[in-house]
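Trainee: sequence first, then the predicted structure, then my questions.
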Amino acid sequence: MIYLVLSILLTIAVMIGGIFLLQLSERLTEWDFFTALAGVCSIVISFLLLIITICVGWGWKAAAVKVAIINREYHTEYTQEEIFFASDIIDTIKQLDRERIEINGNLFQDKK
């Protein structure tokens, strides 16, 4: 959680730096185009990074809820990190276990 907060603060700092560069470009006589371009690029990049950070933060908080539900329903001991980074692998393993049980169940049925 602390990494998300630091990431958001760093992104906001870069955005403020971009705004400063835009204002600086109005005062300069030389290099005003490149300063303005750097300011606009840093604002756009920081805005995109802010959106990505918010999406990743949302996924991290959602993983905590998923952990609680999965551990309660299946009596497992998954962690938030495992669900966040490897939820697709966990789902694949569960699906393979289901298919194995179905195949083994079909082998033990009486043939008529």
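Mentor: All right, it came through fine.

Trainee: give me phi/psi at Glu77?
Mentor: phi -130, psi 50 (degrees, to the nearest 10).

Trainee: biggest helix in this protein, by residue count?
Mentor: With secondary structure taken from DSSP state H, the chain has its longest helix at helix 32-74.

Trainee: report the angle between the helix or strand just after it and helix 32-74.
Mentor: Per DSSP states H and E, the first helix or strand lying C-terminal to helix 32-74 is helix 80-107. For helix 80-107 against helix 32-74, the angle by axes from the mean of the first three to the mean of the last three CA atoms, to 10 degrees is 50 degrees.

Trainee: helices or strands up against helix 80-107?
Mentor: Judged by 3 or more CB pairs under 8 Å, 6 or more residues apart in numbering; DSSP states H and E, the packing partners of helix 80-107 are helix 32-74. (Each C-beta comes from the backbone N, C-alpha and C, glycine too.)

Trainee: could you give the mean pLDDT of the helix it packs on?
Mentor: Mean pLDDT, helix 32-74: 89.

Trainee: please renumber so the chain begins at 298
Mentor: I'll keep to 298 as the first residue from here, and by that count the last item is helix 329-371.

Trainee: quick one: that helix to chain centroid distance?
Mentor: How far helix 329-371 lies from its chain's middle: 6 Å, per CA atoms, centre = their mean, to the nearest Å.

Trainee: before we move on, back to that, which elements pack onto the longest helix of the chain?
Mentor: helix 299-324, helix 377-404.
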